[in-house]
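# Turn this into a structure:
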Amino acid sequence: MVYPPPLNVVGFIEVVFRISHLFKAYQKVKEAWYFHKPDLLILIDYPDMNLRLAKAAHKRKIPVLYYISPQVWAWRSGRVKNIARYVDRLAVILPFEVAFYKTFGVRVEFVGHPLLDRIKNETREREIPSPENSPGQTLIGLLPGSRPAEIKAILPTLLETAARLTRQYGQGIRFILPVAGTLDFKPIQEKVRPFQEKGVSLELTSGDSQKTLGRCHLAIMASGTVTLEAAILGVPILIVYKISPVNYWIARLLIHVPYVGLVNLVAGKKIIPEYIQERAVPEAIMEGARRYLEDPEHYQDIRSRLLEVGKKLGKPGASLRVAQLAREMMN
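Sure thing, here's the model as predicted:
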């Protein structure tokens, strides 16, 4: 590893404060090429730095394989021209990306989503009884995100929603909140404790989201890759997302997609409710949860729709297929 920049941030304003790290990483990688010219450059995500590296590699006649492409279909679509110009092969993990990139003449291949390698078949195919058929055992996941800014903006809303659901359904309903490894456990524990003291049955864990979702009847979560984990597992969810007003205003100007949730984008329609910004309030989220809890037919219908989304994500072996592409490019 030449240089690992700390870039675990969310939002347009926050990224500004990481520009120096991006620049240092860019310079370190370019300097390394003078001592060891690579046979292939594999880029993964981080478009702001990686597209510059792709351009530099193209000038030095270094082949470029880009894995997990920039979301140019959502915003800053002008970058697709640079991808077409400087990237030799593009490996994408979302099925709808293929048609988009082919329109611009990019040599693109859908390799499947790497999440499928983490989630075992027996876990994906398990039966989940609807909450109505499992009284006293209903477990709801609370997943506010993996970044400090997401915790600050989203966790209070999820905790208040849990308190309202507890008042409505009593101790027959429990909650679980996995703390991502990127976060400090203690401050979250302190935010949760007052709700536990008021009678909310809430378990904090230090595990990955997949293991937590495997135990849940349903989950209330921040928008992100975790919504695709829920789809693969067939766990009904509600999507909640809030960012700072300034970031939201910028996003409204720059981002042009019909849905925030990846699971809805892959489905090509809104199958999961999205509670975004001013709509992300406990009263509204609770109503969405109540429908899952009280309507078993709706619950199973959403579960079936999510499993179909999971099937669209391809088959396990994404990393192996990318490795095969890399070997082809070096031959």
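# Low-confidence regions, the protein specifically.
Scanning the chain for pLDDT under 70 picks out 1-23, 26, 34, 73-77, 120-130, 132-136, 245-256.
# Find the centremost residue of it, please.
Thr225 (1.8 Å; C-alpha atoms, centre = their mean).
# where's it relative to Ala91, distance?
17 Å (C-beta to C-beta, to the nearest Å). Yep, even glycine has a C-beta here, placed from its N, CA and C like the rest.
# surely the residue nearest to the centre of the chain meets Leu94?
No. With contact defined as C-beta atoms under 8 Å, Thr225 does not count as touching Leu94 (10.5 Å).
# Need the overlap of contacts for these two.
Leu262 (C-beta atoms under 8 Å, 6 or more residues apart in numbering).
# Pull stretch 143-162 out as PDB, backbone CA atoms only.
Only the C-alpha atoms of stretch 143-162 are listed here, as PDB (Å, rounded to 0.1, in the frame of the first residue of the first chain):
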ATOM      1  CA  LEU A 143     -28.900   0.800  11.200                       C
ATOM      2  CA  PRO A 144     -28.100   4.600  11.200                       C
ATOM      3  CA  GLY A 145     -25.000   4.300   9.000                       C
ATOM      4  CA  SER A 146     -21.200   3.800   9.400                       C
ATOM      5  CA  ARG A 147     -20.000   7.500   9.400                       C
ATOM      6  CA  PRO A 148     -20.000   9.900  12.300                       C
ATOM      7  CA  ALA A 149     -22.000  12.500  10.400                       C
ATOM      8  CA  GLU A 150     -24.700   9.900   9.700                       C
ATOM      9  CA  ILE A 151     -24.900   8.900  13.400                       C
ATOM     10  CA  LYS A 152     -25.300  12.500  14.300                       C
ATOM     11  CA  ALA A 153     -28.100  13.200  11.800                       C
ATOM     12  CA  ILE A 154     -30.000   9.900  11.800                       C
ATOM     13  CA  LEU A 155     -29.500   8.000  15.100                       C
ATOM     14  CA  PRO A 156     -31.700  10.300  17.200                       C
ATOM     15  CA  THR A 157     -34.600   9.900  14.800                       C
ATOM     16  CA  LEU A 158     -34.200   6.100  14.900                       C
ATOM     17  CA  LEU A 159     -34.100   6.000  18.700                       C
ATOM     18  CA  GLU A 160     -37.200   8.100  19.000                       C
ATOM     19  CA  THR A 161     -39.000   5.900  16.500                       C
ATOM     20  CA  ALA A 162     -38.000   2.900  18.600                       C
END
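# quick one: contacts of that stretch?
8-11, 14, 140, 142, 175, 177-178, 180, 182-183, 188, 191-192, 195, 200, 202, 209, 212-213, 219-222, 224, 226, 240-244, 280-282, 285-286, 289.
# Just these: which are in helices?
14, 188, 191-192, 195, 209, 212-213, 226, 282, 285-286, 289 (DSSP state H).
# Just among the residues you listed, which is most surrounded?
Most neighbours among those, by other C-beta atoms under 10 Å: Val226, with 27 neighbours.
# Isn't it up against Cys216?
No. Using C-beta under 8 Å, Val226 is not in contact with Cys216; the gap is 11.7 Å.
# Name the residues of the host helix or strand of Leu325 that come out as buried.
Assigned by DSSP states H and E, Leu325 belongs to helix 318-330. For helix 318-330, the neighbour count (16 or more other C-beta atoms under 10 Å) marks Ala318, Arg321, Val322, Leu325, Ala326, Met329 as buried.
# what about stretch 83-102, how long is it end to end?
11 Å (C-alpha to C-alpha, to the nearest Å).
# buried set for that stretch?
Neighbour-count burial for stretch 83-102, counted by 16+ other C-beta under 10 Å, picks out 83, 86-95, 97, 100-101.
# Next step: those restricted to strands.
The strands, defined by DSSP state E, take in Arg89, Leu90, Ala91, Val92 from the buried residues of stretch 83-102.
# Could you report the neighbour count for Ala57?
Count around Ala57 with other C-beta under 10 Å applied: 24.
# Would you map the strands across the protein?
Here the chain has its strands, by DSSP E, at 41-44, 64-67, 89-92, 108-110, 138-143, 173-178, 202-205, 218-222, 237-241, 274-276.
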